[in-house]
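Chemist: Build me a model:
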Amino acid sequence: MPLFGAHMSIAGGFHKAPMAAAALDMESVQLFTHSPSQWAVKPVSPPESAAPDAMKWSAPSIPADAATLFQSALKDAKLKLPLAHDSYLINLASPDVTLYRKSIDAFTEELRRAETLGLSYLVMHPGAPTDQDEAAGLERVAAAFDAVHARCPKLQTMVLLETTAGQGCTLGHRFEHLAWILDHVKDPDRLGVCLDTCHVFAAGYPLFPIADYRKTFREFDKVVGVAQLKAFHVNDSLKPQGSRVDRHAHIGKGHIGLEAFHFLVNDRRFRKHPMILETPKEKVDGEEMDAVNLRTLREMVE
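Modeler: Model prediction:
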């Protein structure tokens, strides 16, 4: 069985996300480590068991046991390969020097926070070259990762480049974008890929019928390498294939439909990968849609 989970809120404390995941019998979980629409964040205090080096970059401006409590909640919930998603404000492809430097600083802090909390992965969007220069944007992203890695040489959390729908001038809607970044960073072993089903579909890659599903993943393997694929965001799409519009829908309630998700959850290559819902948070007939979507996915596993 894949590691099914969802993006959960940290309102009330980091530990609230794994507790909420446990209530729905999830196997993994994703969270923000702070508000994704704010630059300013409070550093996280390392858990008591952290190595001395961790103290060099984290100040105790929130309760010192926050990370320890979170990790305890993860253990109690038996959650595997937990993820964070970075701030929506960060743009490592920006041609604006001030925003670019600010984004590198902010992403460095994102990685440090994920490491402090003991998260396996940090998912991020590659960014948008607002000067419309795709090649220069890719170069800026690779250089930014090199800068971040130089600042955080010993951290274990892996950064996952997320596939994007291709709205505006965003990078990541072609597999070639991801491959270029992986090929041009100094430390590629610290990077992987998170594939969002809604995003790749909206970007133009077919996911059904089975022949097209296989064709898309053969192309991914040829261009990027399936070994680089570490996690999934499982979302249906409100918009049709090739729309390049990022609008998530509940599983089976969008243009992708159930067939593609049946292929994915039964693909033996991905049986141990996190598959994280980012579908709308709402109730239908009194039931949380996270529970409905998780049940739909689980019932398709053969």
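Chemist: quick one: the strands in the stretch 101-250 of the chain?
Modeler: All strands of the stretch 101-250 of the chain, identified by DSSP state E, counting those that start in this stretch, fall at 121-124, 158-162, 191-196, 229-234, 236-237, 248-249.
Chemist: right, so of those strands, which gets closest to Glu109?
Modeler: strand 121-124 (11.0 Å; Cβ to Cβ). C-betas here are computed from N, CA, C, even on glycine.
Chemist: Now that closest one - C-alpha only, CSV.
Modeler: Taking C-alpha atoms only, strand 121-124 is exported to CSV below (Å, rounded to 0.1, in the frame of the first residue of the first chain):
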residue,chain,number,x,y,z
TYR,A,121,11.2,16.0,2.4
LEU,A,122,10.6,19.7,1.7
VAL,A,123,8.5,20.2,-1.4
MET,A,124,9.0,23.4,-3.4
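Chemist: that older thread, need the strands of the stretch 101-250 of the chain in JSON lines (columns: mean neighbour count and mean pLDDT).
Modeler: Listed next are these as JSON lines, based on neighbours: other Cβ atoms under 10 Å; pLDDT from 0 to 100:
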{"stretch": "strand 121-124", "mean neighbour count": "24", "mean pLDDT": "98"}
{"stretch": "strand 158-162", "mean neighbour count": "22", "mean pLDDT": "98"}
{"stretch": "strand 191-196", "mean neighbour count": "24", "mean pLDDT": "98"}
{"stretch": "strand 229-234", "mean neighbour count": "24", "mean pLDDT": "98"}
{"stretch": "strand 236-237", "mean neighbour count": "24", "mean pLDDT": "98"}
{"stretch": "strand 248-249", "mean neighbour count": "20", "mean pLDDT": "98"}
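Chemist: Let me have these in JSON lines, adding distance to Glu278 as columns.
Modeler: Converted to JSON lines, those look like this (distance: least, Cβ to Cβ, whole Å):
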{"stretch": "strand 121-124", "distance to Glu278": "10"}
{"stretch": "strand 158-162", "distance to Glu278": "10"}
{"stretch": "strand 191-196", "distance to Glu278": "8"}
{"stretch": "strand 229-234", "distance to Glu278": "5"}
{"stretch": "strand 236-237", "distance to Glu278": "11"}
{"stretch": "strand 248-249", "distance to Glu278": "6"}
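Chemist: got a list of what the closest residue to Arg247 other than its chain neighbours touches?
Modeler: Excluding the flanking residues, the one nearest Arg247 by Cβ to Cβ, 6 or more residues apart in numbering is Leu238, at 3.8 Å. Contact partners of Leu238, counting by Cβ atoms under 8 Å, 6 or more residues apart in numbering, are Val245, Arg247, His248, Ala249, Gly254, His255.
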